[in-house]
Each structure stands twice: as C-alpha cells, then as structure tokens.
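Visitor: Sequence first, predicted model second:
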Amino acid sequence: MDKTLFERNLLALSQRQSALCSRLSAAQTTLGRYVFLESRAGEPVPALVDAAGAAHALHSLVDPRREGDRLVEASASPAGCLVFLGLGGGYYPEAALEREGVCQVLVIDYDIHGVAELLASREYIRLFNDPRFTLLVDCDGETLERHILETWKPALYGGIRVIPLRQRVEQENESFGRAGEAIKRAIDRLSLDYSVQAHFGKRWFSNIIRNMFPAEKSAPALAPVKKAVICAAGPSLDLQLPRLAEYGSKKRRGCFIISVDTALPALLKNGLKPDAVISIDCQHISYYHFMGISRKEGPALPPDIPLFLDLASTPLLAPLAENTRFFSGGHPLTRYISRFWRPFPELDTSGANVTYAALSLAEYLGAGEIELYGADFSYPLGMCYARGTYLSPCFALRQNRLDPLEAEFSAFLYRSALLEKAFTGCSWYYETPVLRGYREALEAKAGKLSASIQAAPGLGAPVSLRAGPKGGYASRSLRLFSPGKASTGAASFLEQYREDIKALPPLSGNIARRLAELPEKASLVLTTLLPLAAAVKGRQNEAAAAEIFEAAREHCLDELEKITGRR
C-alpha cells in the first residue's frame, strides 16, 4: 500500500464526492482483495483474488490502455453517457473521457475495501478531477436508479450504454446483476418520460407561462382533512354511485371528496357535489370535462368547489372556477417558478395520470383514510368510462345511421393494438401496458403512504392497496394548502426569466463540461428548457445538441415575447 498515493486519490475524490471519500478513508486496504501485475506495456493491471486464492487479471496483460481505447471506440458511439460495471485499473473510463462526445461516465463497483485497495495502488486523480466522472460503491438499486434519473439528460447527452468489466462482473454476478436491473428500470422510466416530453414539451412551456397570471391571485389556505374520497372516471363508478351517495350531510362530516376532472360531469349529473376537482392534463381536451356545467352567473365551478390545477395544465381551465388553486408538478419550470417567484404546494404527478395526482393531493392534505372509486385502470366489459363523462355527449353528436353510438365507442376502445383480455371473478376487462403502468405506479405510491387506502369493489383490474388503521390524520406535521407570497408581478418575473434565458452561453464543445461551468442559477434556467429541448429533438433528431439547445432557446424567447409584449 502507498499511503501517499491513497491520500492523493482521496483528496481529488473529495472535491465532488466527499461522502464516498469519508467511507473510503475508513476502509481497510490490507485485506489482499487484489494483487497487481505488470503488463508488457509497463502498465499496472489489478488482478482480483478469489476465495481459492487464484488471481484474475481485470485487463489485458499486453496493453490495457489500448484495450480500453478499442472497447470504448466500439461501444460508445453514439452514446453520450457510459456506465462501467467495475472500476479495475480505470483504463476503460479514462479512454471514455478522452472522447469529446462523451458527456457522462459512471462507474459502479462493490466492496468498499477492494476499491480502497485499488486507490492505494494506482493513481486515479485524472478520473476524479473530471466533472463528467462519478464513482458509486456498494450502492443499492434505488440509489443507482435515482442517480441516473437525476443526471442523465437525453435531450442534450444522447444515448446511454452499459459496458461491463467482464472479469470483475463474473466474480460478483449477483450484485452487478441487481445493478443492471436498476439501470434498466431507470432507462425505461427516462425513455418513457422523454417520449412524453418530446410530445408535450412545447405545450407545457406555453401553458406554464400563461398560467402564471391567474396564479397571482391569492386564496385562503385549505385546512387538512382526515378522510379523502377520490372519484376516478372508470366504468365501475356507475355501480359505486349508491355507495358514494351514502356520504350525506351527517355521514360526510370530516370527509373530503376529490373528483378527477373526467369524473366531474358524471358526479354532478347524479346529484353528487365534490369538495374539490383536480386536473393535470396540458391538452385542450380537458376543457370538455367542464362543458355542460353552467351557472346563471360566474364561472362553471362555484367558489365552494376549488379547482386544483398543475401550473402546466391548459390555461383554458383557470377561468372556469372562482376558486382556482395551482400547484407545482414535476416540470422543472414549475419548480423554478416555485423557488424564485412564488412558493406553490408541490404534488407528486410522476404517475402520469390524474388519479395518481388526486392521491398525492389527499396525501398533501394529511388524510389518514383514503377511498378510491372508479379506479379501474382498464376497460371492464369493454366499457371505457362511466356514463355521463365527456365521451357520451361528444359521440352522441357525431353518431348517424351508418355510424351509431356503439360504433363510436368501439372505435375508441379498439384504437389500441395492445389490448389484453383478463378475467376477475365473474367479470372480464381489457388492459393495455399504459393502463397497467398507471395502476402499478399508484399501487407503488400507496404502499409508501402511512394512510389507510382502500379501493371500492369494482369490475376493472384489481388494485392492490394496503388497508391500515382508520381515522385521524396521516401525519403529525400537517400542512396547509396555500401558496407563498410572490416576489414580484408575473409579468416582471417573466421579463427577468427571458433575460436569463438570453444570457445563457452557447453549448459548444463538450456539453457536460459547459454545464458544469455554469453558475447554479444559470444551470437551473437551462434545466427549465430541457423538456422543450426534447420536443425540438423529436422533430430534429439528427441535429447536434448545440443546435437543439439554440432552437429551444429561440422558441422560449418567442413565446415569452408574445406574453410579455401583450401585457
């Protein structure tokens, strides 16, 4: 062991990964996990010692650097992010960082003592000093998945590749296997998010900056609730309406009914008035859920029914309610606005469906007991929605003798080629991968909440929830649903935001290096443009990252000019 070399490596590592540095400094370096051999090229090659005492060289004993160059050249293009399973002598990540197009290098290894031995025997300062490099040691799947989700920016960095250090992986197959599964989960999730961003990125940006003006209004704080009833719009809602009707004036005391936007007309048509409505869809189709709801004076929704809207929701909805309450979802621009303009309550909308968002709202309000109605996440008996939802009047207007109402609903149902038929009890339902993903996301979230959550019996896909003790609030630290004070007017904030976007430097050269050089505020401003950059890349797939960024910047500036110039 070379103590001086070990300390120099730790000093370089501590600049960006201080927690890992502390763990390594406490690790043992004399357990004999590795021996070092010398290659013909004169480079040291670590060899892992197995339980039988046999040493397995992790790199070529001829020229490990040349081996690393060839492997990375064959594997990297066109990926901008590379994940290496095993550190070894560091020859693979060093070769990767020499390539200008590589934006991120992540190395995953196990056995903190073994890694400490490597750092005590060879210099890794070149790796540790590069801002594109990250080393994770003994991390669990959740930590690894979260790291990739937080650091990989597909719109700017491009693809991602996993390169195993074969001899290292073979000695610890189980741990690296779990790492591979976590990486796949992260890639699958980011790929789905990225495809959604590519589709809605421009609309999200347009909606958010327009919603800031109605979001200037103040509203009284909403107190916590003990019990929440969430009404989704699945066909089972028709069967569950009598049970919902039991929440009369006496029995309903202490119960807060949250309707998703799609279910609102069905509830009102049956004489059930919710305590709140929530909508997160950025598309104009959300407006249809409020058609036919009218009052003699004022907006469609009276002041005693608050309308909860994501800042990214379509701006057509805010004027429909006298009591509109905005929240920040997962979009980086809404989080930026919440941090630098006006603090908004933040709800988890990562489930990508409004029922999931309603569950997040119930969680935020502190409900200790939650019931779900109409949450089918499928098409039971071939039916799409509960009666009275927006499809019924729309299809009724379009029907004729040659294209009756049933044909309209059938065309809507069978528009997906991925329908899967399943059975539950004496009933059956169609399910798609998207709907299954929605259900599984809600089940996963419900499993992390302290509240007792139950789904009313229905016809659709069974929802697996955890029933706990009933009554009371879910948390002792209760929060009021209320935005903070705005730092300035919406128009002034958007003017400054526009100037901050204009001031961003061009992303020439290595994108990751340029991002690392940005001050924190500028980095956050750039992050707000990433969903829109994904939309631009979706239309200009062959364009370089710098061109995509400039196109996204110009689009944002044009949109902001329309808003700020008009007011």
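Guide: Now that the structure is in, tell me what you want to look at.

Visitor: separation between the residue positioned nearest the centre of the chain and Val196?
Guide: For the chain, the residue sitting closest to the mean C-alpha position, by Cα atoms, centre = their mean, is Ser350 at 4.9 Å. As judged by Cβ to Cβ, to the nearest Å, Ser350 and Val196 stand 11 Å apart. In this view, the C-beta of every residue, glycine as well, is placed from N, C-alpha and C.

Visitor: what does Arg99 give?
Guide: On the measure of Cβ to Cβ, Arg99 and Val196 end up 30 Å apart.

Visitor: about what we covered before: kindly list the main-chain dihedrals of the residue nearest to the centre of the chain?
Guide: phi -70, psi -20 (degrees, to the nearest 10).

Visitor: give me the number of residues near the nearest residue to it once chain neighbours are set aside?
Guide: Leaving aside its sequence neighbours, Ser350 sits nearest to Gly330 (Cβ to Cβ, 6 or more residues apart in numbering; 5.7 Å). Using other Cβ atoms under 10 Å, Gly330 has 17 neighbouring residues.

Visitor: Hmm, Glu172 is touching Tyr110, no?
Guide: Yes: with contact defined as Cβ atoms under 8 Å, Glu172 counts as touching Tyr110 (5.6 Å).

Visitor: which one of these two has more residues nearby?
Guide: Tyr110 (21 against 17).

Visitor: Give the burial count for the residue lying closest to that one once chain neighbours are set aside, as a bare number.
Guide: Of all residues not flanking Tyr110 in the chain, Ser175 sits nearest, at 4.6 Å (Cβ to Cβ, 6+ apart). Ser175: 17 surrounding residues under other Cβ under 10 Å.

Visitor: helix/strand/coil for Ser175?
Guide: helix (DSSP: H, G, I helix; E, B strand; the rest coil).

Visitor: can you tell me how far it sits from Asn211?
Guide: Taking Cβ to Cβ, one finds Ser175 at 46 Å from Asn211.

Visitor: picking that back up, which residues are in contact with the residue nearest to Ser350?
Guide: Asp348, Thr349, Ser350 (Cβ atoms under 8 Å, 6 or more residues apart in numbering).

Visitor: at 10 Å what do you get?
Guide: Counting by Cβ atoms under 10 Å, 6 or more residues apart in numbering, Gly330 makes contact with Asp193, Ile280, Asp310, Ala312, Glu346, Leu347, Asp348, Thr349, Ser350, Ala352, Pro531.

Visitor: Of these, select the buried ones using a ChimeraX command.
Guide: Here is the ChimeraX command that selects the buried residues among the contacts of Gly330 (16 or more other Cβ atoms under 10 Å):
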select :193,280,310,312,347,348,349,352,531
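
Visitor: returning to what we had before: who has more neighbours out of Arg99 and Val196?
Guide: With neighbours defined as other Cβ under 10 Å, Arg99 and Val196 compare such that Arg99 has more, 17 against 14.

Visitor: Give me the distance between the two termini of stretch 211-219.
Guide: End-to-end span of stretch 211-219 (Cα to Cα, to the nearest Å): 15 Å.

Visitor: Helices of the stretch 451-567 of the chain, residue ranges please.
Guide: 490-502, 511-517, 520-528, 530-539, 545-566 (DSSP state H, counting those that start in this stretch).

Visitor: what residues does the second one touch?
Guide: Helix 511-517 is touched from outside by 16, 80-81, 100-105, 130-133, 151, 153, 156-158, 504-508, 510, 522-523, 526-527, 544-546, 549, with contacts defined as Cβ under 10 Å, 6+ apart.

Visitor: on that earlier part again, against Pro483, how distant is the residue nearest to the centre of the chain?
Guide: Ser350 is 21 Å from Pro483, by Cβ to Cβ.

Visitor: swap in Cys426?
Guide: Taking Cβ to Cβ, one finds Cys426 at 48 Å from Pro483.

Visitor: quick one: which of the two has more around it?
Guide: The neighbour count for Cys426 versus Pro483, taken as other Cβ under 10 Å, is higher for Pro483 (20 against 6).

Visitor: Nearest spatial neighbour of that one, chain-adjacent residues omitted?
Guide: The shortest distance from Pro483 to any non-neighbouring residue, by Cβ to Cβ, 6+ apart, is to Phe344 (4.9 Å).

Visitor: what packs against the helix or strand encompassing His56?
Guide: Assigned by DSSP states H and E, His56 belongs to strand 55-57. Helices and strands touching strand 55-57, by 3 or more Cβ pairs under 10 Å, 6 or more residues apart in numbering; DSSP states H and E, are strand 34-38, strand 44-49, helix 166-170.

Visitor: Run the chain-centre distance for the helix or strand following that strand.
Guide: Using DSSP H and E, the helix or strand that follows strand 55-57 in sequence is helix 64-76. Centroid separation for helix 64-76 versus its chain: 33 Å, with Cα atoms, centre = their mean, to the nearest Å.

Visitor: follow-up on the earlier one: mind listing the shared neighbours of Glu172 and Tyr110?
Guide: Leu85, Gly86, Ala179.

Visitor: Look up the pLDDT of Lys537 for me, please.
Guide: Note for Lys537: predicted pLDDT of 84.

Visitor: burial of it, as a residue count?
Guide: Residues lying near Lys537 (other Cβ under 10 Å) number 25.

Visitor: repeat for Pro433
Guide: Neighbours of Pro433 (other Cβ under 10 Å): 10.

Visitor: Show the contacting residues for Pro93.
Guide: 68, 72, 82-84, 87, 102, 105-107, 124, 126-127, 130, 132-135, 163, 165.

Visitor: and it, what helix or strand is that in?
Guide: Using DSSP H and E, Pro93 falls in helix 91-97.

Visitor: per-residue pLDDT, Val434?
Guide: 87.

Visitor: Same check on the one 4 residues further on?
Guide: With respect to pLDDT, Tyr438 scores 91.

Visitor: Test my guess that it contacts Leu359.
Guide: No: contact between Tyr438 and Leu359 fails when scored by Cβ atoms under 10 Å: they sit 11.4 Å apart.

Visitor: Now for these two: what residues contact both?
Guide: Here Tyr438 and Leu359 have Gly351, Asn353, Ala375 as joint contacts, going by Cβ under 10 Å, 6+ apart.

Visitor: Out of these, who's the most crowded?
Guide: Among the shared contacts of Tyr438 and Leu359, Ala375 has the most neighbours (other Cβ under 10 Å), with 31 neighbours.

Visitor: Looks to me like it is in a helix.
Guide: No: Ala375: not assigned to a helix; according to three-state DSSP it is coil.

Visitor: dump the residue contacts of it.
Guide: Contact analysis of Ala375 by Cβ under 10 Å, 6+ apart lists 230-234, 236-237, 240, 260, 353, 355-356, 358-359, 438-439, 442, 455-456, 458, 460-461, 463, 465.

Visitor: got a list of what His331 touches?
Guide: Contacts of His331 (Cβ under 10 Å, 6+ apart): 197, 200-201, 204-205, 207-208, 282, 310-312, 337, 349, 528, 530-531.

Visitor: Let's see the pLDDT reported for it.
Guide: His331 is assigned 93 on the pLDDT scale.

Visitor: how close does it get to Pro319?
Guide: His331 is 22 Å from Pro319, by Cβ to Cβ.

Visitor: now do Arg122
Guide: Arg122 is 65 Å from Pro319, by Cβ to Cβ.
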